[in-house]
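S.K.: with the sequence up front, the predicted model follows.
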Amino acid sequence: MDATVTAGWFGLIGATVGASGALVGGWLQQRYQAKTAKEQRRDERRFTAGRTALDMLIRLRRVAANRTEGHTENEAAWVDELVEWTTTFDAALLVVPGADEMRERVFEVVRHLGFYDSLGQNHSEANLWIDSTCKEAIELLSAFLREEPMPPRSRLFMDQIGMVQAHRRAGTDPS
């Protein structure tokens, strides 16, 4: 083979390898950018939904603190507010991506919100119950939004769990 033909072949092979490398590099870069954009959207959804749930807990604490005892109209508004709150709160928590542990813990806490009524607590005890339950959930959500490990259950929440369990045992105990 002639040197010019050999050089031409080398040039053609080099151009082919270079073009293939550029195509593969462009494809890899596009995939990386798409993955990064997807992670950013996921993080935004995570923060926005978590923040919405946190705002709902703060709002519930405020509404509960402003409740007055014995007013039928106020109690009806409280129930309406609680139904709206529950719907929005549940929806916000359910769309938080990658939050199974947080969701499980917060739902455990929120399930205890309504027990103040079945325990026969007076108005101020009920407000304290709601306030402390909301604080427990706020701590969990805040740790989640800060990307910290879930904190242990507080002593007050453990006491609330004990009260509910004792109430249930007393209701099912035939003696």
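M.R.: Received the coordinates, thanks.

S.K.: next, count neighbours for V63.
M.R.: When neighbours are defined as other Cβ atoms under 10 Å, V63 has 15 of them. No exception for glycine: its C-beta is placed from N, CA and C like everyone else's.

S.K.: got phi/psi on it?
M.R.: Per-residue torsions, V63: phi -60, psi -40 (degrees, to the nearest 10).

S.K.: in which helix or strand does the nearest residue to it once chain neighbours are set aside reside?
M.R.: Nearest residue to V63 in three dimensions, chain neighbours excluded: E81, at 5.4 Å (Cβ to Cβ, 6 or more residues apart in numbering). Using DSSP states H and E, E81 sits in helix 72-94.

S.K.: Q40: how many residues sit nearby?
M.R.: 10.

S.K.: tell me which element it is part of?
M.R.: helix 3-65.

S.K.: can you say which helix or strand has A166 in it?
M.R.: helix 155-172.

S.K.: so which bits of that helix are buried?
M.R.: Going by neighbour count (16 or more other Cβ atoms under 10 Å), the buried part of helix 155-172 is 157, 160, 163-164.

S.K.: next one: the residue nearest to R42 when sequence neighbours are not counted from L54, what distance?
M.R.: Among residues not flanking R42 along the chain, P97 sits closest, at 5.2 Å (Cβ to Cβ, 6+ apart). Here P97 is placed at a distance of 16 Å from L54 (Cβ to Cβ, to the nearest Å).

S.K.: ok so, going back, go through the buried residues of helix 155-172 and say which is closest to A64.
M.R.: Checking these against A64 with Cβ to Cβ, the nearest one is Q160 at 15.0 Å.

S.K.: touching, that closest one and C134? I think so.
M.R.: No. Q160 is beyond contact range of C134, at 12.0 Å (criterion: Cβ atoms under 8 Å).

S.K.: quick one: buried residues of the helix holding E81?
M.R.: For helix 72-94, burial by neighbour count (16+ other Cβ under 10 Å) applies to 78, 82, 85, 89, 92-93.

S.K.: still on that earlier bit, show me the contact partners of the helix holding A166.
M.R.: By Cβ atoms under 8 Å, 6 or more residues apart in numbering, the residues outside helix 155-172 that reach it are 109, 112, 115, 118-119, 129, 132-133, 136, 153.

S.K.: all good on my end, thank you.
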